[in-house]
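**Student:** I'd like to go over a predicted model; first the sequence, then the structure.
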Amino acid sequence: MLSSYEKELLVTIWERMLPIAEDIGSDALLRMFTTFPKTKTYFAHLDISPRSAHLLSHGKKIVEALLEGAQNITTLTTTLAPLSRFHAYQLRIHPTNFKLLSHCILVTLAINMKDEFDPIAHAAMDKYLSAFAAVLAEKYR
Amino acid sequence: MADWTDAQRKTVASVWGQLDAEIGAHALARVLIVYPWTQRYFGSFGDLSTAAAILGNGKVAAHGKVVLQALEKGVKNVDAIKSTYTDLSRLHCLTLKVDPDNFRLLADCLTIVIATKLGAAFNPQVQATWQKFLSACVIALGSQYV
(Lines give C-alpha, C1' and ligand atoms only; values in the text may rest on other atoms or scores of the structure.)
Protein backbone atom coordinates (compact mmCIF):
# COMPACT_ATOMS: atom_id res chain seq x y z
CA MET A 1 0.00 0.00 0.00
CA LEU A 2 1.32 3.41 -0.95
CA SER A 3 0.35 6.42 1.14
CA SER A 4 -0.70 9.63 -0.59
CA TYR A 5 2.63 11.12 0.42
CA GLU A 6 4.46 8.22 -1.21
CA LYS A 7 2.39 8.55 -4.38
CA GLU A 8 3.30 12.23 -4.66
CA LEU A 9 6.94 11.45 -3.94
CA LEU A 10 7.03 8.89 -6.75
CA VAL A 11 5.63 11.38 -9.27
CA THR A 12 8.11 14.04 -8.10
CA ILE A 13 11.06 11.70 -8.48
CA TRP A 14 10.09 10.42 -11.92
CA GLU A 15 9.25 13.91 -13.17
CA ARG A 16 12.74 14.90 -12.11
CA MET A 17 14.20 11.98 -14.05
CA LEU A 18 12.23 12.66 -17.26
CA PRO A 19 14.66 15.24 -18.73
CA ILE A 20 17.49 12.72 -18.22
CA ALA A 21 15.37 9.67 -19.02
CA GLU A 22 17.88 8.28 -21.54
CA ASP A 23 20.74 8.50 -19.03
CA ILE A 24 18.80 7.07 -16.11
CA GLY A 25 17.13 4.23 -18.00
CA SER A 26 20.24 3.21 -19.92
CA ASP A 27 22.36 3.32 -16.77
CA ALA A 28 19.95 0.99 -14.97
CA LEU A 29 19.90 -1.40 -17.94
CA LEU A 30 23.69 -1.38 -18.26
CA ARG A 31 24.00 -2.12 -14.54
CA MET A 32 21.60 -5.03 -14.92
CA PHE A 33 23.55 -6.48 -17.87
CA THR A 34 26.86 -6.06 -16.03
CA THR A 35 25.75 -7.33 -12.63
CA PHE A 36 23.44 -10.09 -13.88
CA PRO A 37 24.94 -11.20 -17.23
CA LYS A 38 22.15 -13.72 -17.88
CA THR A 39 19.79 -10.81 -18.52
CA LYS A 40 21.70 -10.07 -21.74
CA THR A 41 20.16 -13.16 -23.35
CA TYR A 42 16.96 -11.23 -24.02
CA PHE A 43 18.83 -8.49 -25.85
CA ALA A 44 21.08 -10.65 -28.02
CA HIS A 45 19.67 -9.07 -31.19
CA LEU A 46 20.41 -5.52 -30.03
CA ASP A 47 23.53 -3.45 -29.46
CA ILE A 48 23.62 -2.98 -25.71
CA SER A 49 27.08 -1.51 -25.37
CA PRO A 50 27.33 1.58 -23.13
CA ARG A 51 25.53 4.62 -24.60
CA SER A 52 24.39 2.66 -27.69
CA ALA A 53 21.28 3.93 -29.49
CA HIS A 54 19.27 0.89 -28.42
CA LEU A 55 20.26 1.22 -24.81
CA LEU A 56 19.40 4.91 -24.72
CA SER A 57 16.06 4.52 -26.47
CA HIS A 58 14.99 1.54 -24.39
CA GLY A 59 16.16 3.27 -21.24
CA LYS A 60 14.11 6.32 -22.11
CA LYS A 61 11.02 4.18 -22.68
CA ILE A 62 11.42 2.59 -19.26
CA VAL A 63 11.62 5.93 -17.45
CA GLU A 64 8.66 7.31 -19.43
CA ALA A 65 6.60 4.25 -18.52
CA LEU A 66 7.59 4.56 -14.86
CA LEU A 67 6.48 8.21 -14.82
CA GLU A 68 3.23 7.38 -16.60
CA GLY A 69 2.57 4.61 -14.12
CA ALA A 70 3.33 6.86 -11.15
CA GLN A 71 0.95 9.52 -12.50
CA ASN A 72 -1.81 6.93 -12.91
CA ILE A 73 -1.09 4.79 -9.94
CA THR A 74 -4.70 4.10 -8.99
CA THR A 75 -5.27 2.61 -12.45
CA LEU A 76 -1.89 0.95 -12.86
CA THR A 77 -3.31 -2.27 -14.28
CA THR A 78 -5.17 -0.55 -17.10
CA THR A 79 -2.49 2.05 -17.72
CA LEU A 80 0.14 -0.63 -18.19
CA ALA A 81 -2.10 -3.14 -20.02
CA PRO A 82 -0.39 -2.62 -23.42
CA LEU A 83 3.06 -3.06 -21.84
CA SER A 84 1.86 -6.08 -19.94
CA ARG A 85 0.51 -7.73 -23.10
CA PHE A 86 3.75 -6.94 -24.90
CA HIS A 87 5.93 -8.54 -22.22
CA ALA A 88 3.65 -11.54 -21.76
CA TYR A 89 2.85 -12.46 -25.35
CA GLN A 90 5.72 -11.14 -27.43
CA LEU A 91 8.83 -10.67 -25.35
CA ARG A 92 8.13 -13.54 -22.94
CA ILE A 93 10.70 -12.40 -20.44
CA HIS A 94 11.03 -14.55 -17.32
CA PRO A 95 9.38 -12.33 -14.69
CA THR A 96 12.22 -12.76 -12.17
CA ASN A 97 14.22 -10.43 -14.39
CA PHE A 98 11.91 -7.55 -13.50
CA LYS A 99 13.27 -7.80 -9.94
CA LEU A 100 16.84 -7.60 -11.18
CA LEU A 101 16.04 -4.48 -13.19
CA SER A 102 14.11 -3.00 -10.26
CA HIS A 103 17.17 -3.40 -8.05
CA CYS A 104 19.38 -1.70 -10.64
CA ILE A 105 16.87 1.15 -11.01
CA LEU A 106 17.12 1.66 -7.23
CA VAL A 107 20.91 1.78 -7.49
CA THR A 108 20.76 4.28 -10.37
CA LEU A 109 18.37 6.50 -8.40
CA ALA A 110 20.62 6.23 -5.32
CA ILE A 111 23.61 7.36 -7.35
CA ASN A 112 21.68 10.21 -8.95
CA MET A 113 19.89 11.46 -5.84
CA LYS A 114 22.55 10.63 -3.24
CA ASP A 115 21.28 11.30 0.31
CA GLU A 116 17.93 12.46 -1.04
CA PHE A 117 17.26 8.82 -1.87
CA ASP A 118 16.58 8.27 1.82
CA PRO A 119 14.90 5.23 3.40
CA ILE A 120 11.45 6.76 2.84
CA ALA A 121 12.07 7.30 -0.88
CA HIS A 122 13.71 3.88 -1.11
CA ALA A 123 10.73 2.14 0.50
CA ALA A 124 8.21 3.97 -1.69
CA MET A 125 10.17 3.21 -4.84
CA ASP A 126 10.69 -0.45 -3.96
CA LYS A 127 6.96 -0.90 -3.36
CA TYR A 128 6.11 0.89 -6.60
CA LEU A 129 8.61 -1.08 -8.72
CA SER A 130 7.37 -4.34 -7.29
CA ALA A 131 3.75 -3.36 -8.04
CA PHE A 132 4.81 -2.31 -11.53
CA ALA A 133 6.58 -5.63 -12.10
CA ALA A 134 3.54 -7.55 -10.84
CA VAL A 135 1.33 -5.77 -13.38
CA LEU A 136 3.81 -6.49 -16.18
CA ALA A 137 3.70 -10.18 -15.26
CA GLU A 138 -0.06 -10.25 -14.80
CA LYS A 139 -0.96 -11.49 -18.26
CA TYR A 140 1.68 -14.21 -18.43
CA ARG A 141 -0.74 -17.03 -17.65
CA MET B 1 33.51 -20.78 -4.61
CA ALA B 2 33.91 -17.64 -6.56
CA ASP B 3 37.05 -16.93 -8.53
CA TRP B 4 38.50 -13.46 -8.31
CA THR B 5 40.62 -11.50 -10.74
CA ASP B 6 43.17 -9.08 -9.36
CA ALA B 7 41.01 -6.19 -10.52
CA GLN B 8 38.01 -7.61 -8.66
CA ARG B 9 40.04 -8.05 -5.48
CA LYS B 10 41.11 -4.42 -5.73
CA THR B 11 37.55 -3.28 -6.33
CA VAL B 12 36.18 -5.09 -3.27
CA ALA B 13 38.97 -3.68 -1.10
CA SER B 14 38.51 -0.21 -2.55
CA VAL B 15 34.74 -0.11 -1.99
CA TRP B 16 35.26 -1.41 1.52
CA GLY B 17 37.88 1.26 2.21
CA GLN B 18 35.40 4.00 1.38
CA LEU B 19 32.69 2.87 3.79
CA ASP B 20 32.22 4.56 7.13
CA ALA B 21 31.21 2.76 10.30
CA GLU B 22 27.59 3.95 10.11
CA ILE B 23 26.84 2.26 6.82
CA GLY B 24 25.89 -1.06 8.40
CA ALA B 25 23.29 0.64 10.57
CA HIS B 26 21.90 2.54 7.59
CA ALA B 27 21.61 -0.65 5.56
CA LEU B 28 19.97 -2.61 8.38
CA ALA B 29 17.52 0.24 9.02
CA ARG B 30 16.56 0.19 5.35
CA VAL B 31 15.90 -3.54 5.47
CA LEU B 32 13.50 -2.99 8.38
CA ILE B 33 11.82 0.00 6.68
CA VAL B 34 11.61 -1.27 3.09
CA TYR B 35 10.83 -4.90 4.00
CA PRO B 36 8.88 -4.60 7.26
CA TRP B 37 8.35 -8.36 7.60
CA THR B 38 12.03 -8.60 8.54
CA GLN B 39 11.07 -6.97 11.87
CA ARG B 40 9.96 -10.42 13.01
CA TYR B 41 13.58 -11.19 13.91
CA PHE B 42 14.05 -8.07 15.99
CA GLY B 43 11.27 -8.33 18.55
CA SER B 44 13.65 -7.48 21.38
CA PHE B 45 14.84 -4.27 19.73
CA GLY B 46 12.06 -2.06 21.09
CA ASP B 47 10.27 0.54 18.99
CA LEU B 48 10.39 -0.23 15.27
CA SER B 49 6.95 1.20 14.54
CA THR B 50 7.98 4.02 12.20
CA ALA B 51 10.88 4.83 9.90
CA ALA B 52 12.00 7.52 12.35
CA ALA B 53 11.88 5.07 15.25
CA ILE B 54 13.97 2.54 13.32
CA LEU B 55 16.52 5.17 12.26
CA GLY B 56 16.80 6.37 15.87
CA ASN B 57 16.88 2.89 17.44
CA GLY B 58 20.17 2.31 19.23
CA LYS B 59 19.94 -1.48 19.00
CA VAL B 60 19.51 -1.29 15.24
CA ALA B 61 22.58 0.94 15.05
CA ALA B 62 24.58 -1.41 17.26
CA HIS B 63 23.59 -4.51 15.29
CA GLY B 64 24.42 -2.66 12.07
CA LYS B 65 27.95 -2.28 13.37
CA VAL B 66 28.12 -5.98 14.19
CA VAL B 67 26.98 -6.78 10.65
CA LEU B 68 29.65 -4.55 9.18
CA GLN B 69 32.34 -6.09 11.38
CA ALA B 70 31.25 -9.51 10.16
CA LEU B 71 31.39 -8.32 6.57
CA GLU B 72 34.96 -7.16 7.08
CA LYS B 73 35.92 -10.79 7.69
CA GLY B 74 34.58 -11.63 4.24
CA VAL B 75 36.45 -8.72 2.66
CA LYS B 76 39.68 -9.98 4.21
CA ASN B 77 39.03 -13.62 3.24
CA VAL B 78 37.57 -13.45 -0.26
CA ASP B 79 39.11 -16.82 -1.10
CA ALA B 80 37.50 -18.56 1.86
CA ILE B 81 34.14 -16.86 2.25
CA LYS B 82 32.22 -20.05 2.87
CA SER B 83 34.39 -21.23 5.76
CA THR B 84 34.61 -17.67 7.12
CA TYR B 85 30.86 -17.67 7.66
CA THR B 86 30.33 -21.28 8.75
CA ASP B 87 29.69 -20.36 12.39
CA LEU B 88 27.55 -17.33 11.56
CA SER B 89 25.50 -19.44 9.17
CA ARG B 90 24.91 -22.05 11.87
CA LEU B 91 23.94 -19.34 14.35
CA HIS B 92 21.38 -17.87 11.96
CA CYS B 93 20.01 -21.28 11.02
CA LEU B 94 19.94 -23.16 14.31
CA THR B 95 19.54 -20.47 16.94
CA LEU B 96 18.12 -17.36 15.29
CA LYS B 97 16.11 -19.24 12.65
CA VAL B 98 16.38 -16.49 10.05
CA ASP B 99 15.05 -17.17 6.56
CA PRO B 100 18.25 -16.87 4.51
CA ASP B 101 16.54 -14.91 1.73
CA ASN B 102 16.70 -11.99 4.16
CA PHE B 103 20.50 -11.93 3.78
CA ARG B 104 19.92 -11.03 0.14
CA LEU B 105 17.60 -8.20 1.13
CA LEU B 106 20.28 -6.87 3.49
CA ALA B 107 22.90 -7.17 0.75
CA ASP B 108 20.67 -5.25 -1.69
CA CYS B 109 20.05 -2.49 0.86
CA LEU B 110 23.76 -2.27 1.60
CA THR B 111 24.47 -1.88 -2.12
CA ILE B 112 21.90 0.91 -2.39
CA VAL B 113 23.26 2.75 0.66
CA ILE B 114 26.76 2.50 -0.83
CA ALA B 115 25.41 3.90 -4.11
CA THR B 116 24.04 6.95 -2.27
CA LYS B 117 27.48 7.51 -0.71
CA LEU B 118 29.83 6.79 -3.62
CA GLY B 119 27.72 8.30 -6.40
CA ALA B 120 29.03 7.94 -9.96
CA ALA B 121 32.24 6.26 -8.73
CA PHE B 122 30.03 3.25 -8.03
CA ASN B 123 29.93 2.51 -11.75
CA PRO B 124 28.37 -0.62 -13.32
CA GLN B 125 31.65 -2.61 -13.17
CA VAL B 126 32.20 -1.72 -9.53
CA GLN B 127 28.59 -2.58 -8.73
CA ALA B 128 28.86 -5.93 -10.50
CA THR B 129 32.03 -6.89 -8.61
CA TRP B 130 30.68 -5.66 -5.29
CA GLN B 131 27.46 -7.63 -5.74
CA LYS B 132 29.43 -10.71 -6.77
CA PHE B 133 31.21 -10.41 -3.44
CA LEU B 134 28.01 -9.85 -1.45
CA SER B 135 26.32 -12.68 -3.29
CA ALA B 136 29.14 -15.04 -2.22
CA CYS B 137 28.67 -13.89 1.38
CA VAL B 138 24.89 -14.42 1.17
CA ILE B 139 25.38 -17.93 -0.20
CA ALA B 140 27.92 -18.67 2.55
CA LEU B 141 25.54 -17.42 5.24
CA GLY B 142 22.90 -19.80 3.92
CA SER B 143 25.29 -22.71 3.48
CA GLN B 144 24.82 -24.35 6.89
CA TYR B 145 21.03 -24.52 6.81
CA VAL B 146 19.86 -28.06 7.27
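**Tutor:** Now that the structure is in, tell me what you want to look at.

**Student:** Would you mind listing what in chain A touches chain B?
**Tutor:** Residues of chain A lying close to chain B by Cβ under 8 Å from any Cβ of the partner chain are A:27, A:30-31, A:33-35, A:103, A:106-108, A:110-111, A:113-115, A:117, A:119-120, A:122-123, A:126. Every C-beta, even on glycine, is put in place using the N, C-alpha and C of the backbone.

**Student:** One more pass at 7 Å, please.
**Tutor:** Proximity of chain A to chain B, by Cβ under 7 Å from any Cβ of the partner chain, involves residues A:30-31, A:34-35, A:103, A:106-107, A:110-111, A:114-115, A:117, A:119-120, A:122-123, A:126.

**Student:** Report the contact partners of whichever residue of chain B sits closest to chain A.
**Tutor:** Going by Cβ to the nearest Cβ, chain A is nearest to residue B:115 of chain B, at 3.6 Å. The contact partners of residue B:115, taken as Cβ atoms under 7 Å, 6 or more residues apart in numbering or on different chains, are A:107, A:110-111, B:122.

**Student:** Now, of the residues of chain A next to chain B, which are buried?
**Tutor:** With neighbours counted by 16 or more other Cβ atoms under 10 Å in any protein chain shown, the residues of chain A next to chain B contain buried members at A:30-31, A:34-35, A:103, A:106-107, A:110-111, A:117, A:119-120, A:122-123, A:126.

**Student:** Select, from those, the two members most distant in space.
**Tutor:** Greatest spatial distance among these (Cβ to Cβ): A:34 and A:120, at 28.4 Å.

**Student:** and which of the buried ones among the residues of chain A next to chain B is nearest residue B:5?
**Tutor:** Nearest to residue B:5 among these: residue A:34, at 14.5 Å, using Cβ to Cβ.

**Student:** Residue B:69 versus the closest one, what's the distance?
**Tutor:** Applying Cβ to Cβ, to the nearest Å, the value for residue A:34 to residue B:69 is 29 Å.

**Student:** Which parts of the chain are helices?
**Tutor:** Using chain A here. A:4-17, A:21-35, A:53-71, A:76-79, A:81-85, A:96-113, A:119-136 (DSSP state H).

**Student:** Let me rephrase: I mean chain B.
**Tutor:** Here chain B has its helices, by DSSP H, at B:6-17, B:23-34, B:51-55, B:58-76, B:81-84, B:86-90, B:101-118, B:124-141.

**Student:** Show me the shaky parts of chain A.
**Tutor:** Counting by pLDDT under 70, not a single residue of chain A qualifies.

**Student:** Most proximal residue of it with respect to chain B?
**Tutor:** At 3.6 Å from chain B, residue A:110 is the closest residue in chain A, using Cβ to the nearest Cβ.

**Student:** which bits of chain B sit near chain A?
**Tutor:** With Cβ under 7 Å from any Cβ as the criterion, chain B comes near chain A at residues B:29-30, B:33-34, B:51, B:55, B:108, B:111-112, B:115-116, B:119-120, B:122, B:124-125, B:127-128, B:131.

**Student:** mind giving me CSV with the contacts of residue B:115 and columns for distance to residue B:75?
**Tutor:** As requested, these are exported to CSV (distance: Cβ to Cβ, whole Å):
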residue, distance to residue B:75
A:107, 20
A:110, 21
A:111, 22
B:122, 16
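
**Student:** quick check, nearest of those to residue A:140?
**Tutor:** Distances from residue A:140 to the contacts of residue B:115, taken by Cβ to Cβ, are shortest for residue A:107, at 26.0 Å.

**Student:** State the distance from that closest one to residue B:128.
**Tutor:** Distance from residue A:107 to residue B:128, by Cβ to Cβ: 11 Å.

**Student:** which residues does the residue minimising distance to the centre of chain B contact?
**Tutor:** The residue lying closest to the centre of chain B (Cα atoms, centre = their mean) is residue B:107, at 4.4 Å. Residue B:107 is in contact with B:134, B:138, counting by Cβ under 7 Å, 6+ apart.

**Student:** Likewise for residue B:24?
**Tutor:** By Cβ under 7 Å, 6+ apart, the contact list for residue B:24 reads B:64-65, B:67-68.

**Student:** Give me the buried subset of those.
**Tutor:** Here, 16+ other Cβ under 10 Å leaves B:64, B:67-68 buried among those.
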